[in-house]
Each structure stands twice: as structure tokens, then as C-alpha cells.
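Participant: build the 3D model from these lines:
(2 chains, ligands or ions: 2)
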Amino acid sequence: MKEYVMGNGAIALGALAAGVNLVAGYPGTPSSEIIETVAKYPHEGIHLEWSVNEKAALEVAAAAAYSGARALVTMKQMGLNVASDPLMSVAYIGVKGGLVIVSADDPGPISSQTEQDTRRFAGFSRIPVFDPASPEEAYAMIQDAFACSEKYHTPVLFRPTTRVCHAYAAIDVPDRWEPASFEGFRKDASRWVIFPRLSYANHGKMEARNAEIARDFSDYRFNTVEGAAGPRAILTSGVSYAYVKECLREHPEARIIRVATAFPFPEDFLLRALEGVEELLCIEELSPWLEEQALQVAGRHHLALTVRGKLDGTVPHHGENSVALSGRLLADFLGLEPGPSPRDCSGAPPLPVRPPVLCAGCPHRASFYAVKQAMKGQKAFFCGDIGCYTLGNAMPLDMVDTCLCMGAGITMAQGLRHTNPDAVCFAFVGDSTFFASGMTGVVNAVYNEADMVLCVLDNSTTAMTGHQPHPGTGRNMMGHIVDRVDIARVLEGIGVRRVVTVDPLRLEEAVQAVRSCAAEKGVTAIIFKSPCVALTKPTGKCIIDGQKCIACKKCIREIGCPALITDQGQVRIDPNLCTGCGLCGQICPVGAIGGAEQ
Amino acid sequence: MKQDILICGVGGQGTVLASRVLAAAAMEAGHPVHSAETIGMAQRGGSVTSHIRIGAGAWSPLIPPGGADMLLAFEPAEAVRNLSFLRPEGIAIVNTAATRPVGASLKDTGYDGREMVAWLKDRCACVFVDGEAACRPFGSARYLNIVLLGAALGTGRLELTEELIRNQIRRYVPARFLETNLKAFEAGLSLKS
Ligand code: SF4
Ligand code: SF4
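Facilitator: Ligands and ions are numbered 1, 2, ... in the order given. Presented below is the predicted three-dimensional model:
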């Protein structure tokens, strides 16, 4: 059957077709839809889970692969940092079944903190990596990745990028599939228990094996050479290959070398492809990985080859590639006529900037506002974290002073307090992030006698990445109703002095709660509990009484809800956006806003 | 057939559904189709685009600048933002009702889209649709995407039939909104200018 799916869907279907037995991961753009796709298709006999974080996911999957099962782990590239501890070690230990780790890179970056390159992680951890250029290839390649993992008993990385993950294509998939059969775990301490001696022995074996894989990859079907032999060639991979192909549609003679297996690098393949080539242009995203490999190959084999790319300044280091950028580079390099030029848009009126914002009615807005009100006139620092609520940084809320990585808000609030004792330090963390990597930070703060206020923004979902369940929601990916892990009880168990739960949409109560927690010593916590508006039905709509409204615009200035707009000097509520959360009504000085019943 | 269609708008306007319906309709007509979506933070009220590439030979998931046959703009400023993608002979279908960014309300820049519409007028072949007025009979802006799909088909530039699109609306729209959406589609179709 043909299925029209996004690249992430293609990866999921490919894994199902490969007989995957266990799938685990943590949500993160652009990787989240892989697990969601597995859940949507028949998956009887497969264990499926959102793990609390990427490290947990990889460990669960590694043990499955120790047992001979085929296991898939999914995450975004930042998640691989979290999972790097087990990754580095399992690379030495190896697996019995198949273990494929999808780490989706995000050139741009479009939804990430860094422009890191998973291919480099493959080189660092000495395990193979596959790099698809399209959803169709991703479907085929994920199956090759499982085959490679099983053949060489090694974990394998799989690295799509945002434009592959979020591109849609029609994929031919089998009508049914079955999870592979496997032996189960067999005790063998000499194999599964990592000790320095074993690591030493396995390190040697890994490198010998990698040489073998590199030879294998030299004949791999997705490492391709196209066009006629000549003095100039292009070296590329991933979606950049698709851009290059698009640009050179009218030039089938141009030599394009594409390497889909960045590590172990297929040196024999590249040597063959470079026959007669004098100048090589490397078009790739993120790090100059292929370029460095080409330079090494040229050096080792004394080739008279000029290598152009990021390292010599021909190609920018940062940002994502595009057809436009590739077109310019190729036109220069090959001396071609530039392709169709974009339409001339000079003289366009200034465009409104449109940064993403918290949705109308989002309870996070109310939580931030309550803290802001409570801390008026006091020196206070606000440490944010990763999730929708990072958007609390925007004006007029302006409530995110730091944001670093998952869970860091808590530990950073602690660090700020130790060095700025005159400031009240707040940490804002979402419910999913709390479970992912917030809890250890709270233990750290309690143990090390921090004075700080923890604000858990509990909207009962993982909103930013598309509303995945987590341990606090009482549902899991097997479709089971499970006991909720209660955040308040977790905090009390850790020893947080005072834990208050409030509804952020009751402004006065919320402000009081913040004031009382901020006045106390030690670690205190406020759980702002209110569901994500994207998941709940609006309770109604609010309207502004034009007779009462004095057009002071306080509501707009204070909270910046997108439903509050000005229309020829009048303040109005856009009924298409308003959820009736009632926050603005609690701010209006003349009581002009009414309507929704809470 | 080879057609590249760029849909642009603001996160939350329903561009993804419009893109899905178009892609599915083209597939049902037997064409190879590729598309790409903005997914992630921008969906919270930021600028979003969907690229739909119908026909064989498309390599890039995104339409190259200057390559789109049609620009289906859900918002006037977004039309201007993405106009560089439109081919010289291409056509733009533009909703004239502006979505003000929060920033604009804060500073009261008075942005209302009119300046955008005026500028677009003599830049390219345009069909302007007053989305607000067109959606009024249905009582909600959520029908905008289907109205605009109707208007797009109404230009006669899409090599797709009404029936193909209607079938996909039936497939993708939840049952309780289906009837109104089919009416919205008719309304869009009858806007042809
Ligand atoms: S009630 Fe006020 S703050 Fe809440 S969604 Fe409506 S306009 Fe926005
Ligand atoms: S999706 Fe939910 S959590 Fe995210 S901004 Fe909207 S209301 Fe807030």
C-alpha cells in the first residue's frame, strides 16, 4: 500500500517493516512524529514508550538489543547530548540484536539551541551513521541501518535533518509486518559488564570492525556518483544532495558525489569517485564533516586536489542550506548561468515581525504575570527552561532572564542565588521537563541549601512538541491508564519546604501564593496547574463593553494576549482567538471585560 | 503536470489542512506529490509556510525562489514576505484580512494589511479575497482555509477538479464540521474573479 507520510513517518514505517520490537524516545522537534506514527499504525507485540528523557530511552533500548531484539530510539540532536553517557559506553559493549538511534539534526537552527552535527557524534563514539536525503530514502535506509547493526553487533546512528523529517512523500509499504523473533537475554558477564579491561579489548575490535564497515560502505547503494568524469566535482549529503540535484536538473553532466554514510567513511568509494577530479566543492549542512574527510583522503593519497567548502570560506558555516544558496555556489563553481532568480521584491512595505507567542488563553501567561505582579519593586531573577513557556520571554511579559538547556532553569536559579544573595531567584519548569531532568536539580538545590522558588507550569502535557503524554498525565504510549506521578508529592518527598498548588487563572490567589513562597527561606515550590488551551475546549468568550472601556490599553500592555487587539483606537477581543480564560478581566481597572464564566 | 504551490500564513490559520487536502487531491489524480510543512515553535502564531510540489522531477522538499506557480496567502503581509517565491507568470491568491502580531497591538503600529494589498496589486497577478467577510456567514475564521482553497481552484490555474478536492475535504475534516466546510468551499469557488 502507498502511504503519504512525512519523513518521520517514513522512518517509523521503515522500522516497522524491519521488524522492530521496541521503540523508545523523548519528544523533540524535528523528531517527535516517529513514535507517534508507530502508535498510529498496527504495532501489536511492540513495546512503545515515551521515556522520561533520552538517556532513559537509550538504556531501555540497549537492554532490548542485548536480548537480541530490534530496538529503535528517537530524539532530536540535543537529546543525543543527554543520551551521550550510555551511547559512548554501549558503543564499546555492542549489541546482540539491532539498535538504531535516530538523532534528528536541525540546521538553521529552526527549533533548537545548537547547530550540532550528529555525524560528528558518530565519529566521536566510533559507530556507523546513515544520512538520508528524502523521506523515500529514509524509509529504505532505516532498514539498512538495522541490517548493519545486526551484522556488526553495534549501535548505529541515523541522522535525518528537519527538512527530511518534515517533508512528505508517498511511501510504498507492505500491507502487514511482524516484529522480529529473538532469543532473549543470555547471561555473559564477559560481554555485558563494562570494565576497563573489556573496554581496552573492545576498542581495538571496534576500530578493526570500522575498517571493515568502511569497505562495506564503499559499495553501499546510497553512496552514489553521477554525471561525467571531469576536473570538477561536488561532494554532498543529506538534503543538500536534493538541493544540488534540483539546481543541476538541466546539467546531467555535472559530477555529483553523494556520501550517505558519513562514518565509517567510505574511503575507497571516494578515491574511485575522485578519479580525474582536480577541484571539489563540498555542499553540506552543519559541520564540514565530508570536507574534512576529503582533505584527509587527499592528504593520505597525495592527490592534487583543491577542496572548497566551509573551511576555505566558500560556504557559510552557519544556517541551513537551500536551493538558492546551492544554486549560487554551483553557478560560481561550475561557471553556469544562474538559475531562475527570485522575484524582485524591492520597495516592499516594512513587514510586521511575527515571533511565535504563547497562545491566547495560555495558562503560562497567567503564571508569569502572577509572579511578575508579586515581585514588583523587588530584585528578582527568572530562569526559564525548554518548552512553550520559553515564549514568556517576549514583551510585555519579559519573564525569562536565562534559558540554556533541559532542566537548567532549576540549577541556574540556585547558582544565581548563591552569587546574588540580594535577589529572589525563580525557576520556571514545565511538567514534562520536570520529569525529564528537573527532579535531580531540585534535590541538588535542597541538599545545597539554596533559597529559591520553583514554579512548575503544569499544563498536563508536553505542549511544544505536539502534546505527548508524560508520567504526570496518567497515560502512556501503550495506550494504558497508569498511576500519575504526582509532582507535589515528588517535591514533598525530596524535602521542598513548602509546596503550593494554585490555578494561575485566579490571579489574586496566584499572586498571594508567590508572595508567601518568595518570603520563605529554603526551596519552595508553586505548582501552577491549568490545562493547555490547545487541548481543552474554550470555556466561552470574553467581550469588552465599549461603554465602560476607557481605552487605557492596560490589558494589552500588561499581558499581550494575541486575542486582545486595537481597532481604530478601540480595544477589542478577537472572538476567533479568545478562550475565555478571564485573565484580562482581572486586570482591567474599570471592569469593562466580561463574558465567559470560569 | 508540474505545479508548485506555496501556502503561507500565520500559525493557527489552518494552512496545514489546506496543504494536506491539495496534496491528497493531486495524488488521487495520479500525480507524484511532495510537500513540506513548518512544524515547531513557529506554529504558535509565527509565520508558517507549506510547500506543495506536484509532478515528477522535484528534488528539493522546498520550492525554489522564483519557482512557485501559485502563492496561496492566508494573510497580506505573509503574501509580501513570500512573494519572492512566485514565478513571473504565477498567480497569488491573497486574503486581505490582516492578522496583527502581538507586537503590533502593543506598539499600535496600525498595521492593517492595506499597505500590503496596495503594494501587491501592481506586482503580480492577484486574486484578493476578503477572508473575514467570506467567513462571516459561517460564524468562525476556522473556515478560512477551505474558502481560500475554493478561491484557488476558482482561478482555473490548478489542474485539479472540484470533485477531487471535495473528496479530500470529506476525508480530512471532522464530521461535525464537514457540512459547513463544504459550504465554505462553495463560497470560495464562487468568489472567482
Ligand atoms: S479572556 Fe482575555 S486574556 Fe483570556 S484569551 Fe480572552 S482576551 Fe485573552
Ligand atoms: S500550546 Fe498550550 S502551552 Fe503552548 S502556548 Fe498554547 S496554550 Fe500555552
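Participant: all the strands of the stretch 151-300 of chain A, residue numbers only.
Facilitator: For the stretch 151-300 of chain A, applying DSSP state E, counting those that start in this stretch gives strands covering A:156-158, A:167-172, A:224-226, A:232-236, A:255-258, A:279-283.
Participant: what pairs with the first one, parallel or antiparallel?
Facilitator: What it means is strand A:156-158. Here strand A:156-158 has these sheet partners by DSSP bridges: strand A:98-104 (parallel), strand A:129-130 (parallel).
Participant: now do it: everything it contacts.
Facilitator: A:11, A:98-103, A:118, A:121-122, A:125, A:127-130, A:132, A:141-142, A:145-146, A:148-149 (CB atoms under 8 Å, 6 or more residues apart in numbering or on different chains). C-betas here are computed from N, CA, C, even on glycine.
Participant: likewise for the third one?
Facilitator: The set of residues external to strand A:224-226 that reach it, using CB under 8 Å, 6+ apart, is A:252, A:254, A:255, A:256, A:257, A:258, A:272, A:273.
Participant: grab the nearest non-local neighbour of residue A:76.
Facilitator: residue A:28 (3.2 Å; CB to CB, 6 or more residues apart in numbering or on different chains).
Participant: hang on, I meant residue A:413
Facilitator: Leaving out its chain neighbours, residue A:413 is closest to residue A:427 (CB to CB, 6+ apart), at 3.8 Å.
Participant: packing partners for the helix or strand that contains that neighbour?
Facilitator: Under the criterion of DSSP states H and E, residue A:427 resides in strand A:424-430. Judged by 3 or more CB pairs under 8 Å, 6 or more residues apart in numbering or on different chains; DSSP states H and E, the packing partners of strand A:424-430 are helix A:363-374, strand A:380-383, helix A:408-419, strand A:452-458.
Participant: all strands for chain B, in order.
Facilitator: Taking DSSP state E, the strands of chain B run over residues B:3-10, B:33-37, B:47-54, B:68-73, B:86-95, B:125-129.
Participant: make TSV out of those and add distance to residue B:162.
Facilitator: Shown next, in TSV, are these (distance: least, CB to CB, whole Å):
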stretch	distance to residue B:162
strand B:3-10	17
strand B:33-37	19
strand B:47-54	17
strand B:68-73	16
strand B:86-95	16
strand B:125-129	17
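Participant: which residue packs closest to the residue positioned nearest the centre of chain B, ignoring adjacent ones?
Facilitator: In chain B, the centroid-proximal residue (CA atoms, centre = their mean) is residue B:72; its distance is 3.4 Å. Using CB to CB, 6+ apart and skipping residues adjacent in sequence, the residue nearest residue B:72 is residue B:7, 4.6 Å away.
Participant: go ahead and confirm that neighbour touches residue B:50.
Facilitator: Yes: Residue B:7 lies in contact with residue B:50 (CB atoms under 8 Å); the separation is 4.2 Å.
Participant: which one's more surrounded, those two?
Facilitator: residue B:7 (31 against 23; other CB atoms under 10 Å in any protein chain shown).
Participant: so where's chain B uncertain?
Facilitator: Applying pLDDT under 70 to chain B flags residues B:103-109, B:192-193.
Participant: quick check, the residue in the stretch 251-400 of chain A closest to ligand 1?
Facilitator: residue A:361 (3.7 Å; CB to the nearest ligand atom).
Participant: help me confirm that that residue is found in a helix?
Facilitator: No: read with DSSP: H, G, I helix; E, B strand; the rest coil, residue A:361 is coil and lies in no helix.
Participant: if we can go back for a sec, got TSV for the contacts of strand A:224-226, with distance to residue A:523, neighbour count and pLDDT too?
Facilitator: Formatted as TSV, the contacts of strand A:224-226 follow (distance: CB to CB, whole Å; neighbours: other CB atoms under 10 Å in any protein chain shown; pLDDT from 0 to 100):
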residue	distance to residue A:523	neighbour count	pLDDT
A:252	66	10	94
A:254	62	21	96
A:255	62	22	97
A:256	58	21	98
A:257	57	25	98
A:258	53	23	98
A:272	62	12	97
A:273	60	24	97
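Participant: near ligand 1, which of the residues you listed show up?
Facilitator: Among those, not one lies near ligand 1 by CB under 6 Å from any ligand atom.
Participant: closest to residue A:367 out of these?
Facilitator: Looking at those and their distance to residue A:367, the nearest is residue A:258, at 48.8 Å (CB to CB).
Participant: what bridges to the closest one?
Facilitator: With DSSP bridges applied, residue A:258 shows beta-bridge pairing to residue A:224, residue A:236.
Participant: so where does residue A:465 fall, helix or strand?
Facilitator: With DSSP H and E as criterion, residue A:465 is part of no helix or strand.
Participant: does stretch A:574-585 come close to ligand 2?
Facilitator: No: judged by CB under 6 Å from any ligand atom, stretch A:574-585 stays clear of ligand 2, getting no closer than 8.3 Å.
Participant: residue A:535: neighbouring residues, count only.
Facilitator: 11.
Participant: quickly note the distance from it to residue A:468.
Facilitator: Per CB to CB, to the nearest Å, residue A:535 is found 11 Å from residue A:468.
Participant: now do residue A:24
Facilitator: From residue A:24 to residue A:468 the distance is 13 Å (CB to CB).
Participant: okay, these two: which has more neighbours?
Facilitator: The neighbour count for residue A:24 versus residue A:468, taken as other CB under 10 Å, is higher for residue A:24 (25 against 20).
Participant: that one and residue A:51 touch, don't they?
Facilitator: Yes: Residue A:24 is in contact with residue A:51 according to CB under 8 Å; the separation is 4.9 Å.
Participant: overlap in contacts, these two.
Facilitator: A:57, A:60.
Participant: can you list the domains in chain A?
Facilitator: Following automatic domain parsing, one gets these domains for chain A: A:2-217, A:224-334, A:363-535, A:543-594.
Participant: need the helices for chain B, in chain order.
Facilitator: B:15-28, B:76-82, B:102-107, B:114-121, B:131-135, B:144-154, B:162-172, B:175-189 (DSSP state H).
Participant: which stretch among those helices comes nearest ligand 1?
Facilitator: helix B:102-107 (10.7 Å).
Participant: re the thing from before, which element follows the strand holding residue A:427 toward the C-terminus?
Facilitator: Downstream of strand A:424-430 (by DSSP H and E), the next one is helix A:431-433.
Participant: what sits up against that next one?
Facilitator: A:27, A:385-387, A:406-407, A:456-462, A:468, A:470, A:472, A:487.
Participant: what is the mean pLDDT for it?
Facilitator: The average pLDDT within helix A:431-433 is 94.
Participant: for the helix or strand just after that helix, buried residues please.
Facilitator: Remark: after helix A:431-433, the chain's next helix or strand is helix A:439-447, criterion DSSP H and E. Residues A:439, A:441, A:442, A:445, A:446 are the ones in helix A:439-447 that count as buried (16 or more other CB atoms under 10 Å in any protein chain shown).
Participant: between strand A:452-458 and helix A:439-447, find me the angle.
Facilitator: Relative orientation of helix A:439-447 and strand A:452-458, computed by axes from the mean of the first three to the mean of the last three CA atoms, to 10 degrees: 150 degrees.
Participant: give the buried residues for stretch A:284-298.
Facilitator: Neighbour count says stretch A:284-298 has A:284-295, A:297-298 buried, by 16+ other CB under 10 Å.
Participant: inside helices: which ones of the residues you listed?
Facilitator: Mapping the buried residues of stretch A:284-298 onto helices (DSSP H) picks out A:289, A:290, A:291, A:292, A:293, A:294, A:295, A:297, A:298.
Participant: let me see the contact set for residue 79.
Facilitator: By default, I'm working from chain A. A:25, A:26, A:28, A:31, A:53, A:54, A:103.
Participant: that's the wrong chain, I meant chain B
Facilitator: B:8, B:71, B:73, B:92, B:94, B:116, B:120.
Participant: re the thing from before, give me the subset of the buried residues of helix A:439-447 touching ligand 2.
Facilitator: Answer for the buried residues of helix A:439-447 near ligand 2: none qualify (CB under 6 Å from any ligand atom).
Participant: reformat those residues as JSON lines; add pLDDT.
Facilitator: Formatted as JSON lines, the buried residues of helix A:439-447 follow (pLDDT from 0 to 100):
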{"residue": "A:439", "pLDDT": "96"}
{"residue": "A:441", "pLDDT": "96"}
{"residue": "A:442", "pLDDT": "97"}
{"residue": "A:445", "pLDDT": "97"}
{"residue": "A:446", "pLDDT": "97"}
